[in-house]
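Trainee: coords please:
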Amino acid sequence: MNQQKLPNATAVLILGITAFVGCLCTYGVVGLILAIVGLYLAGKDEKLYRQNPEMYSDYGNLKAGKILSLISLIMSILYILMMIIFLAMFGIESLTDPELMQERIRELGGQ
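Mentor: This is a model prediction of the structure:
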């Protein structure tokens, strides 16, 4: 029987890789979006694969992309939470003023 590739396996792998890079940039938002899209497409392809596993050949790419998307999703969520906590502690104005940031850090340290 002639095996064919899963329709979204390569896209899921690419989304997983770019989500991993994106979770470290742009405050985690890009990584979060790409990871969610990657996981959605992976779910669709997994359903196809489970219906007829011997018909498809690139399940490994799908699995790798899904794992990268999961890791990226978790990292993006953690990064976004960290930024929210950071903004709550220091305020948005301290992001643009290094002296104010140092002052707030000293206040937190009790100096």
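
Trainee: all contacts plus neighbour counts: C-alpha atoms, from now on.
Mentor: Will do.

Trainee: the helix ranked longest in the chain packs against which elements?
Mentor: Longest helix of the chain, by residue count under DSSP state H: helix 59-90. Packing contacts for helix 59-90, counted by 3 or more Cα pairs under 8 Å, 6 or more residues apart in numbering; DSSP states H and E, involve helix 9-22, helix 29-51.

Trainee: buried ones in the longest one, by neighbour count?
Mentor: Of the residues in helix 29-51, those buried by neighbour count under the rule 16 or more other Cα atoms under 10 Å are 29-39, 41-43, 45-46, 49.

Trainee: ok, and what's touching that helix?
Mentor: 6-9, 11-13, 15-16, 18-25, 55-56, 59, 62-63, 65-66, 69-70, 72-73, 76-77, 80 (Cα atoms under 8 Å, 6 or more residues apart in numbering).

Trainee: as PDB, could you dump the C-alpha coordinates of the helix-or-strand element of the chain with minimal mean pLDDT?
Mentor: Taking mean pLDDT, DSSP states H and E as the measure, the helix or strand of the chain with the lowest value is helix 93-96, at a mean of 81. Only the C-alpha atoms of helix 93-96 are listed here, as PDB (Å, rounded to 0.1, in the frame of the first residue of the first chain):
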ATOM      1  CA  GLU A  93       7.000  53.400  34.100                       C
ATOM      2  CA  SER A  94      10.000  51.600  35.500                       C
ATOM      3  CA  LEU A  95      10.500  49.700  32.200                       C
ATOM      4  CA  THR A  96      11.500  53.000  30.500                       C
END
